[in-house]
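>>> can you look at this prediction? I've put the sequence above it.
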Amino acid sequence: MTLDTDIADLLPRMRRFARALTYHREDADDLVQVAVERALVRQRQWEPGTRLDSWIFRIVKNAWVDEVRSRMRRDRIFAPAEEGATVGDDSAATDQQRLAIRKAIGMLSEEHRLVVALVLVDGMPYKEAAEVLEIPIGTLTSRLARAREALQGLLSDQAKVGK
Amino acid sequence: MTFSDEVLMAYADGELAGPERSAVERAMHEDPAVAEAIARHRQLRGDVFAAFADVLDEPVPVPLRQAVQPKVAGLEAARVARSGQGTRAQGDWWRWGGMAASLVVGILVGIGGWQAYRQDGGTASLVAAAGGVLAQGKLADALSRELAGSPAADASVRIGVTFQARDGNYCRSFALAGAAGLACREGDAWRVAVLQQQAPAAQPAYRQAGVAMPPAVLEAIDERIAGTALDAAGERAARERGWRR
């Protein structure tokens, strides 16, 4: 049952990826839980020798897409203020910077948030990120470029509002 | 030479190699605008990474760690819950096995167990079905035909106890080379509720001595059994009804 152990080793990265996708800690852990359960049920679909992380992240991504759909049905609203209480005890400036970035990522479109979460948050190479998203690498590159642009725009807007 | 923003971004992300990479590096030294664009991409990358870096250092919540091994954790919980209920009904209905000291190698439950066991060879086969694992081949045959008291001489599967579960369906424990488990009747099939590996050293004994049921199997029986195990006559009668209630 080494696959279980390997999945367990991936949990921190899955949580970070999920955190970038969902913004809320509880939602993120729910998402990881759903993904782990799916992965275990489908473990025969994983081909040994291929990257387990790409496979698992693809399951997280798909679970997230499903979850977003159901969440839209529930008409839940995005409430960024709440995360403030859970950020560590670093200096206020670092906190603000982190919060601003997390908040901006939360405001991106789903498409953009996914590429940002994979490439910038997780640090996945383009090739693997494209595999996770099941898109050609050229699509990934242009999507990532637009996502970065959007993110820069949001961050500079926030900076203006903050002043 | 001008580069698209995408190329500069790819350079900042460490995705360029060979001549393309060298060309961007040259341009970076010659054109401040190129250097600035790359710096901006790197800055954003670093900032976004830093904004989530601490998540990796957080302890993984217990429910998530348990989710990786849901069945085993559930079994532990059941055991703990039961130990709080005072004396456990250790009726001698399962103590007929002669080999108490079977070493538990690992608990194989559900899909995981099925997958691990399948590699063991053709003695018995299990097949994954919606929501569980069904017995096939020799295992299914033995579950349907064999009686605990009079096993076929060449039986590769030994039947342990037979009982009616709380939902009325028949369940039977079984042992085969290197593993023991519990299967319950579901329609015309036997669904394997639990399968636990046993040390190979225990194998030579079981032919003579019967089957020692490993803890996970006992737990599974405890969870399901209504009343007591069937005696030989009851077992025979149940078989003649085709394992219908």
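Noted; the coordinates are in hand. Numbering: from 1, shown residues only, chains lettered A, B, ... in the order given.

>>> what's the local residue count around residue 64?
If you meant another chain, say so; for now it's chain A. 24 (other CB atoms under 10 Å in any protein chain shown). Glycine gets a C-beta too; all of them are placed from N, C-alpha and C.

>>> that's the other chain; I wanted chain B
Residue B:64, neighbours per other CB under 10 Å, totals 18.

>>> tell me the pLDDT of it.
Predicted confidence (pLDDT) for residue B:64: 89.

>>> now the helix or strand harbouring it: buried residues?
Using DSSP states H and E, residue B:64 maps to helix B:62-68. Using 16 or more other CB atoms under 10 Å in any protein chain shown as the test for burial, helix B:62-68 gives B:64, B:66, B:67, B:68.

>>> keep only those of the residues you listed that are also close to chain A.
Near chain A, judged by CB under 8 Å from any CB of the partner chain, the entries from the buried residues of helix B:62-68 are B:64, B:67, B:68.

>>> and the first one, what does it touch?
Contacts for residue B:64 (CB atoms under 8 Å, 6 or more residues apart in numbering or on different chains) come out as A:11, A:15, A:29, A:32, A:33, A:36.

>>> ok, 10 Å please
A:8, A:11, A:12, A:14, A:15, A:29, A:30, A:32, A:33, A:36 (CB atoms under 10 Å, 6 or more residues apart in numbering or on different chains).

>>> what does the last one give?
Shown in contact with residue B:68 (CB under 10 Å, 6+ apart): A:1, A:3-11, A:33, A:36-37, A:39-40, B:60.

>>> quick one: which of these is nearest residue B:178?
Minimum distance to residue B:178 across the contacts of residue B:68 is 15.3 Å, recorded for residue A:1 (CB to CB).

>>> state the pLDDT value of that closest one.
46.

>>> three-state assignment of the nearest residue to residue A:52 once chain neighbours are set aside?
Spatial nearest neighbour of residue A:52, excluding adjacent residues (CB to CB, 6 or more residues apart in numbering or on different chains): residue A:6 at 5.4 Å. Look at residue A:6: counting by DSSP: H, G, I helix; E, B strand; the rest coil, its state is helix.

>>> residue A:6 contacts residue A:36, correct?
No: assessed by CB atoms under 10 Å, residue A:6 is found out of contact with residue A:36, at 11.8 Å.

>>> now do the shared contacts for these two.
Contacts common to residue A:6 and residue A:36, judged by CB under 10 Å, 6+ apart, are A:56, B:68.

>>> the two: who's more crowded?
Legend: neighbour count by other CB under 10 Å for residue A:6 and residue A:36, higher for residue A:36 (27 against 14).

>>> who's in contact with residue B:230?
Contacts of residue B:230 by CB under 10 Å, 6+ apart are B:93, B:148, B:161, B:162, B:163, B:164, B:170, B:172, B:236, B:237, B:238, B:239.

>>> swap in residue B:237?
Applying CB under 10 Å, 6+ apart, we find residue B:237 in contact with B:230, B:231.

>>> tell me which element it is part of?
Assigned by DSSP H and E, residue B:237 falls in helix B:232-240.

>>> chain B next: which of the contacts of residue B:64 are close?
Among those, the ones lying near chain B by CB under 10 Å from any CB of the partner chain are A:8, A:11, A:12, A:14, A:15, A:29, A:30, A:32, A:33, A:36.

>>> closest to residue A:67 out of those?
residue A:30 (7.9 Å).

>>> CA atoms of the longest helix along chain B as CSV?
Using DSSP state H to define each element, chain B has its longest helix at helix B:32-53. Taking Å, rounded to 0.1, in the frame of the first residue of the first chain, the C-alpha atoms of helix B:32-53 are listed here in CSV:
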residue,chain,number,x,y,z
PRO,B,32,16.6,47.9,-19.4
ALA,B,33,12.9,47.4,-20.4
VAL,B,34,13.6,43.6,-20.9
ALA,B,35,15.4,43.4,-17.6
GLU,B,36,12.5,45.2,-15.9
ALA,B,37,9.9,43.0,-17.3
ILE,B,38,11.8,39.9,-16.2
ALA,B,39,12.3,41.3,-12.8
ARG,B,40,8.6,42.0,-12.5
HIS,B,41,7.7,38.5,-13.4
ARG,B,42,10.2,37.1,-10.9
GLN,B,43,8.9,39.5,-8.2
LEU,B,44,5.4,38.3,-8.7
ARG,B,45,6.4,34.7,-8.7
GLY,B,46,8.3,35.2,-5.4
ASP,B,47,5.5,37.1,-3.8
VAL,B,48,2.8,34.6,-4.7
PHE,B,49,5.0,31.7,-3.6
ALA,B,50,5.8,33.4,-0.3
ALA,B,51,2.1,34.1,0.3
PHE,B,52,1.4,30.4,0.6
ALA,B,53,4.8,29.0,1.7
